[in-house]
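Novice: Sequence and predicted structure are below.
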Amino acid sequence: MTAELEKMSNFAATLADISGPIVCEHFRTRLNVHSKSDLSPVTIVDRNVEVALRKRIEETFPHHGIIGEEYGPVREDASHIWVLDPIDGTKAFISGLPIFGTLIALAIDGQPVVGVIDQPVLGERWVGVKGYGAQFNEKPIQTRDCRQLADAALYATHPNMFDQGVDEDKFDGLAKIVGQARFGGDCYTYGLLASGHIDLVVEAKLQFYDFMALIPVVEGAGGVISDWQGNSLGRGSDGHVLAAANEKLWDLALNYLRA
């Protein structure tokens, strides 16, 4: 691993070490829940985590950019940009379900090179570094070698993320052909895919900060992640995401999701 990537990976882990205690302190406690303009929920925990992460980034790398879910972007034209989702799965968090996570990504020249999915309540952390694989709790991981849709386990966070009509029909068509299909999980399911426990995740209406950290983890473990047309994910993506355990399964799933 290059010296820079090792430094950035270690720093991403430090950020997760900062966020974890804040999350754990408030998990399964009574919280005031507010609705944002898009009606999605937010708590003081989401905001406190992002403030803490931004503070450490500003102190350590003042020339790096930051894009987070809760606060406005800074230095968007920087070569190095940290992408933060303090609690991906706020609905799960406020319900006491430990299937949410803190997402931390570093993009260099627009390409995600470091990704962290951190679930501090369970003490579980996935880290991916572009070109250098992925790890779960510091041990290398590999996606499952599932090659047939009939054998595949498919997850999505919630059926409401698929618009009625085209998106819903495409997802339903795929869900009917796989071995099993279940809802729930948010970012946690991508970690499960990277660790070889499930095979497909199909979602829609995701934001930039929802998927950037997932890319190095999924790809580093041997999986494939793209939009529903097979294109790489980035700032201009439309929010449709397909993650698959391998290229063969990805190609089969795309046949159901492509326009």
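Specialist: Happy to help now that I have it.
Novice: List the contacts of Phe136.
Specialist: Neighbouring residues of Phe136 by CB atoms under 8 Å, 6 or more residues apart in numbering: Glu124, Arg125, Trp126, Gly191, Ala194, Ser195. (Glycine included, C-beta is placed from N, CA and C.)
Novice: From Pro62, how far off is it?
Specialist: Between Phe136 and Pro62 the distance is 32 Å, computed by CB to CB, to the nearest Å.
Novice: about what we covered before: tell me which of the contacts of Phe136 fall in helices.
Specialist: Judged by DSSP state H, helices contain the following of those: Gly191, Ala194.
Novice: So which of the contacts of Phe136 wins on neighbours?
Specialist: Neighbour counts for these (other CB atoms under 10 Å) peak at Ala194, which has 32 neighbours.
Novice: For Tyr155, which residues are in contact?
Specialist: Ala181, Arg182, Phe183, Gly184, Gly185, Thr189, Leu192, Leu193, Ile198, Leu200, Val201, Val202.
Novice: Kindly report the same for Ala134.
Specialist: Trp126, Val127, Gly128, Pro140, Ile141, Ala194, Pro216, Val217, Val218, Glu219, Gly220, Ala221.
Novice: just for the stretch 151-259 of the chain, where's the confidence low?
Specialist: Applying pLDDT under 70 to the stretch 151-259 of the chain flags residues 259.
Novice: so Cys24 touches Asp118, yeah?
Specialist: No: with contact defined as CB atoms under 8 Å, Cys24 does not reach Asp118; the gap is 11.0 Å.
Novice: Return the distance of the host helix or strand of Leu242 from the chain's centre.
Specialist: According to DSSP states H and E, Leu242 maps onto strand 241-244. Remark: strand 241-244 is offset 11 Å from the chain centroid, using CA atoms, centre = their mean, to the nearest Å.
Novice: which parts of the helix or strand just after it are buried?
Specialist: On the C-terminal side of strand 241-244, the nearest following helix or strand under DSSP H and E is helix 247-257. Using 16 or more other CB atoms under 10 Å as the test for burial, helix 247-257 gives Leu249, Trp250, Leu252, Ala253, Leu254, Tyr256, Leu257.
Novice: Quick check: of those residues, which lies closest to Thr14?
Specialist: Trp250 (32.8 Å; CB to CB).
Novice: which residues touch the closest one?
Specialist: Going by CB under 8 Å, 6+ apart, Trp250 touches Gly223, Val224, Ser226, Gly230, Leu242, Ala244.
Novice: Buried among these? Need that as a selection in ChimeraX.
Specialist: Burial among the contacts of Trp250 is assessed by 16+ other CB under 10 Å; the matching ChimeraX selection reads:
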select :223,224,226,242,244
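Novice: The contacts of Trp250: which two are farthest apart?
Specialist: So, the contacts of Trp250 by CB to CB: farthest apart are Gly223 and Gly230, at 14.1 Å.
Novice: What segments of this protein are strands?
Specialist: 34-35, 41-42, 65-68, 80-88, 101-108, 111-119, 124-129, 134-136, 139-140, 153-156, 180-183, 200-203, 224-226, 241-244 (DSSP state E).
Novice: okay, these in JSON lines with distance to Lys170 next?
Specialist: Below are these laid out as JSON lines (distance: least, CB to CB, whole Å):
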{"stretch": "strand 34-35", "distance to Lys170": "29"}
{"stretch": "strand 41-42", "distance to Lys170": "28"}
{"stretch": "strand 65-68", "distance to Lys170": "29"}
{"stretch": "strand 80-88", "distance to Lys170": "24"}
{"stretch": "strand 101-108", "distance to Lys170": "26"}
{"stretch": "strand 111-119", "distance to Lys170": "26"}
{"stretch": "strand 124-129", "distance to Lys170": "27"}
{"stretch": "strand 134-136", "distance to Lys170": "28"}
{"stretch": "strand 139-140", "distance to Lys170": "34"}
{"stretch": "strand 153-156", "distance to Lys170": "12"}
{"stretch": "strand 180-183", "distance to Lys170": "13"}
{"stretch": "strand 200-203", "distance to Lys170": "9"}
{"stretch": "strand 224-226", "distance to Lys170": "15"}
{"stretch": "strand 241-244", "distance to Lys170": "10"}
